[in-house]
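Trainee: give the three-dimensional model of this entry:
(chains A and B)
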Amino acid sequence: MSNQAITLHYDIDAVDFSAAGEASSGVKRTLNQLGVNPAVVKRIAIAMYEAEINAIIHAGGGAADVEITPERVEVKISDNGPGIPDLEKAMTAGWSTASETVRELGFGAGMGLPNMKRYTDDMKVESKVGEGTVVTLIVNINS
Amino acid sequence: MSKGYSHSVLLDEKLCKGCTNCIKKCPMEAIRVQRGKAKILNDRCIDCGECIRTCPYKAKVAHTDSWDLLAEYKYTIALPAPSLYMQYDMNTYSRKHIIAALKALGFDYVYEVARGAEIATIQSNKYLHEHKDELPLISTACPAVVRMIQLRYPNLIPHLLPIKSPMEIAAQNARREFCKINSVDPEEVGVFFISPCAAKMTSVRAPLEVEKSSVSGVIPIKMVYFKILKLLSKMKEQEVDEIMLQAGKFGVRWASTGGEALSIDSKRVLYVDGIQNVVKILDDLEDGRIKDIEFIEASACTGGCTGGPLTVENMYVAKNRSRQQLEDEPIAYKEIEDDELQNTSWEKQIEHCEISKLDTDMFKAMEKLNKMNEIYQQLPALDCGACGSPSCRALAEDVVRGKAKTTDCIFILRRKIRKLANEMMMVNSGLDDMAMGDSGNSLEADNEN
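Mentor: Numbers count the residues shown, from 1 in each chain, chains lettered A, B, ... in the order given. Okay, the predicted model is just below:
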């Protein structure tokens, strides 16, 4: 039974900012239909939205792959962007490489990765400069 | 009516043509068309009144109280909603005229809900300052929005401002004041709210935040509009002059969008109107995308209560009138007394009502979800509504919930019929071949002869 899983795939389009959040909204709807605890749904939605925004701001879009099992939700946000040269720095609250334009839009406060960590049970960032980044977010459903 | 909750927007089956206008407009996807008639789903309806506005055949009705109910009480009190005043040409008829007309209609006492609004403002500001950790607070004046949060935004429930609505505050104060002045038994007094919306009826009949509403009945503005209009020109100057206004301009301003928020003691307020816009704000708020906001005023109707489905005047006209009139009004006419500030907090907490879950068992819910996605892939994604569900996605969900069939989709049905017809053709041509074979032989035999 535990090998039962639901997989979802979303393309994260970077055409405009207003499309940001479509993937996380879709995941939220699915989790609600599965009857996942609202507080858990909220954590996933917030963390995933941050990752989505990052893919748009820094990498011109990407993809989201989600796997839901009765035990946990795993969200993989992958992009072919510039990659993160110094991961340790990137994880520091307030540290940002976002452009002035992006900041003017209210993003790029340097809280993206720290927030993702805060709202998830496990988080992994794999990044290669010049190739891209994969952020994996894991939230346990019964946590 | 089902247990616990009953809503006030109902269907007049005789008038319903079974069209798809309402199902497409409902923000809660709470309407289906089945067997040629609309059906409102009790557990999902929030009484926002969108379907009342949308229905071209006037088949959606607000279930409110009748005028006859007044006769059941020895004494009656009118609670005019602030939006009532803007229904009339305020340059000719002042608020005093309207209140005098209500008295002429037979009400023994009038307590302005706008005063209830002023009391709610005082309490809201106090609450805001004492609960800085719970910000942003969401206004609870619009019952349709509160109900929507209860159903769809469980994470926002702790942000609901636990202060009674201006109507409820006005009702309890009106009854207490009237009984004190006239030394009468509260049981003999009927308190009637003159309402711009159906949702208020629901919050009187099945209140979420108080044990029992202090309002005895809800009368739509539509119902009293002409009764008042006929009296307005007949009011004697003396009768009008005698009226003491109770509410200042900030209370009356609650009738329209922003009226409540702008009285909040913070610059970080946001006000949103129109149920679809409210949905966007609540979505963003729940997902942590709205920051730096301390108070949110949200009303289901565009324009606020002035745009309510049971009002008469065009909302934009009404708003303009109110702006003009209020310019010259003072902030207060009568100081709020300590008595009036009592018992203004919610009596009980609102609990989340689950409506999304496909199954109580998560394994089963997952199976259903997979099945639902499979069904959705077969559907044309036109969201035409001809099946009776508001969208293809909703139909797929209705099917796995056992409430609809895939063949309710006319495109699937057509595909099936075509397939059947083709099969029949095949069978038929098979029969022809067989017949041809037989007759061919006989023909040949004939030719040979």
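
Trainee: tell me who's in contact with the residue most central in space within chain A.
Mentor: With distances taken as Cα atoms, centre = their mean, A:A51 lies nearest the centre of chain A, 2.7 Å away. Applying Cβ atoms under 8 Å, 6 or more residues apart in numbering or on different chains, we find A:A51 in contact with A:A64, A:V75, A:I77, A:G112, A:M116, A:V135, A:L137. For glycine as for every other residue, the C-beta is placed from the backbone atoms N, C-alpha and C.

Trainee: now those residues as CSV including secondary structure, neighbour count and pLDDT?
Mentor: Converted to CSV, those look like this (DSSP: H, G, I helix; E, B strand; the rest coil; neighbours: other Cβ atoms under 10 Å in any protein chain shown; pLDDT from 0 to 100):
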residue, secondary structure, neighbour count, pLDDT
A:A64, strand, 24, 94
A:V75, strand, 27, 96
A:I77, strand, 29, 94
A:G112, helix, 25, 77
A:M116, helix, 24, 90
A:V135, strand, 28, 94
A:L137, strand, 26, 96
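
Trainee: not counting sequence-adjacent ones, nearest residue to the residue nearest to the centre of chain A?
Mentor: Of all residues not flanking A:A51 in the chain, A:I77 sits nearest, at 4.1 Å (Cβ to Cβ, 6 or more residues apart in numbering or on different chains).

Trainee: do a quick rundown of the helices in chain A.
Mentor: A:22-34, A:38-59, A:87-90, A:100-104, A:112-119 (DSSP state H).

Trainee: for the last one, which positions count as buried?
Mentor: Judged by neighbour count (16 or more other Cβ atoms under 10 Å in any protein chain shown), helix A:112-119 contains these buried residues: A:G112, A:L113, A:P114, A:N115, A:M116, A:K117, A:Y119.

Trainee: and if you look at the first one?
Mentor: Under the neighbour-count criterion of 16+ other Cβ under 10 Å, helix A:22-34 has A:E22, A:A23, A:S24, A:S25, A:V27, A:K28, A:T30, A:L31, A:N32, A:Q33, A:L34 buried.

Trainee: low pLDDT regions in chain A?
Mentor: Within chain A, the segments meeting pLDDT under 70 span A:1-3, A:15-16, A:95, A:101-111, A:143.

Trainee: ok, chain B next?
Mentor: Across chain B, residues meeting the criterion (pLDDT under 70) sit at B:1-5, B:434-449.

Trainee: domain ranges for it?
Mentor: B:9-62, B:67-341, B:362-440 (automatic domain parsing).

Trainee: any idea what B:I219 is bridged to?
Mentor: Bridge pairing for B:I219 (DSSP bridges) gives the partners B:I194.

Trainee: from what I can see it touches B:F192, true?
Mentor: Yes - counting by Cβ atoms under 8 Å, B:I219 touches B:F192, with 5.4 Å between them.

Trainee: picking that back up, output the helices of chain A in TSV, with distance to B:R152 appended to each entry.
Mentor: Putting the helices of chain A into TSV (distance: least, Cβ to Cβ, whole Å) gives the following:
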stretch	distance to B:R152
helix A:22-34	9
helix A:38-59	10
helix A:87-90	35
helix A:100-104	31
helix A:112-119	21
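
Trainee: quick one, what contacts the residue nearest the centre of chain B?
Mentor: For chain B, the residue nearest the mean C-alpha position is B:C48 (1.6 Å; Cα atoms, centre = their mean). Applying Cβ under 8 Å, 6+ apart to B:C48 gives the contacts B:P27, B:M28, B:A144, B:M148, B:A199, B:I275, B:A300, B:C301.

Trainee: quick one: the closest residue to chain A within the stretch 51-200 of chain B from A:M48, how far?
Mentor: Nearest residue of the stretch 51-200 of chain B to chain A (Cβ to the nearest Cβ) works out as B:P154 at 3.9 Å. Separation of B:P154 from A:M48 (Cβ to Cβ, to the nearest Å) stands at 18 Å.

Trainee: over to B:I296?
Mentor: Distance, B:I296 to A:M48, by Cβ to Cβ: 24 Å.

Trainee: so which residues on the stretch 151-300 of chain B come close to chain A?
Mentor: B:P154, B:N155, B:D283, B:E286, B:D287, B:G288, B:R289 (Cβ under 8 Å from any Cβ of the partner chain).

Trainee: and which of those is nearest to B:A386?
Mentor: Within these, distances to B:A386 taken as Cβ to Cβ reach their minimum at B:D283, with 28.3 Å.

Trainee: using a markdown table, lay out the domains of chain B together with distance to A:T7.
Mentor: Below are the domains of chain B laid out as a markdown table (distance: least, Cβ to Cβ, whole Å):
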| stretch | distance to A:T7 |
| --- | --- |
| domain B:9-62 | 25 |
| domain B:67-341 | 22 |
| domain B:362-440 | 10 |
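
Trainee: which among those domains is found nearest to A:N142?
Mentor: domain B:362-440 (10.1 Å).

Trainee: please look at the residue of the stretch 51-200 of chain B closest to chain A and A:P38 and confirm they touch.
Mentor: Yes - B:P154 sits in contact with A:P38 when judged by Cβ under 8 Å, with a separation of 3.9 Å.

Trainee: quick check: neighbours shared by these two?
Mentor: Shared contacts of B:P154 and A:P38, defined by Cβ under 8 Å, 6+ apart, are found at B:H352.

Trainee: ok now the helix or strand containing B:A394, how far from the chain's centre?
Mentor: According to DSSP states H and E, B:A394 maps onto helix B:392-400. In terms of Cα atoms, centre = their mean, to the nearest Å, the centre of helix B:392-400 is found 24 Å from the chain centre.

Trainee: packing partners of it?
Mentor: helix B:362-378 (3 or more Cβ pairs under 8 Å, 6 or more residues apart in numbering or on different chains; DSSP states H and E).

Trainee: please see if the helix it packs on touches chain A.
Mentor: Yes - shown here: helix B:362-378 in contact with chain A (Cβ under 8 Å from any Cβ) through B:M362, B:F363, B:A365, B:M366, B:E367, B:L369, B:N370, B:M372.

Trainee: which of these sits closest to B:D108?
Mentor: B:A365 (56.0 Å).

Trainee: just to revisit the earlier point, of B:I296 and A:M48, who's got more company?
Mentor: Using other Cβ atoms under 10 Å in any protein chain shown, the more surrounded residue of B:I296 and A:M48 is A:M48, with 30 against 26.

Trainee: now that one: how far from A:V41?
Mentor: Here the criterion is Cβ to Cβ. By it, A:M48 lies 10 Å from A:V41.

Trainee: what of B:F295?
Mentor: To A:V41, B:F295 is 25 Å away according to Cβ to Cβ.

Trainee: over to B:R32?
Mentor: Distance, B:R32 to A:V41, using Cβ to Cβ: 26 Å.

Trainee: how about B:I417?
Mentor: 42 Å.

Trainee: and those two? Which one has more around it.
Mentor: Per other Cβ under 10 Å, whichever of B:I417 and A:V41 has more neighbours is A:V41, with 26 against 12.

Trainee: who's in contact with the more buried one?
Mentor: When contacts are counted by Cβ under 8 Å, 6+ apart, A:V41 touches A:K28, A:L31, A:N32, B:N155.

Trainee: thinking again about what came up before, which residues touch the residue nearest to A:A51?
Mentor: Neighbour list for A:I77: A:I12, A:M48, A:A51, A:E52, A:N54, A:A55, A:G62, A:A63, A:A64, A:V134, A:V135, A:L137 [criterion: Cβ under 8 Å, 6+ apart].
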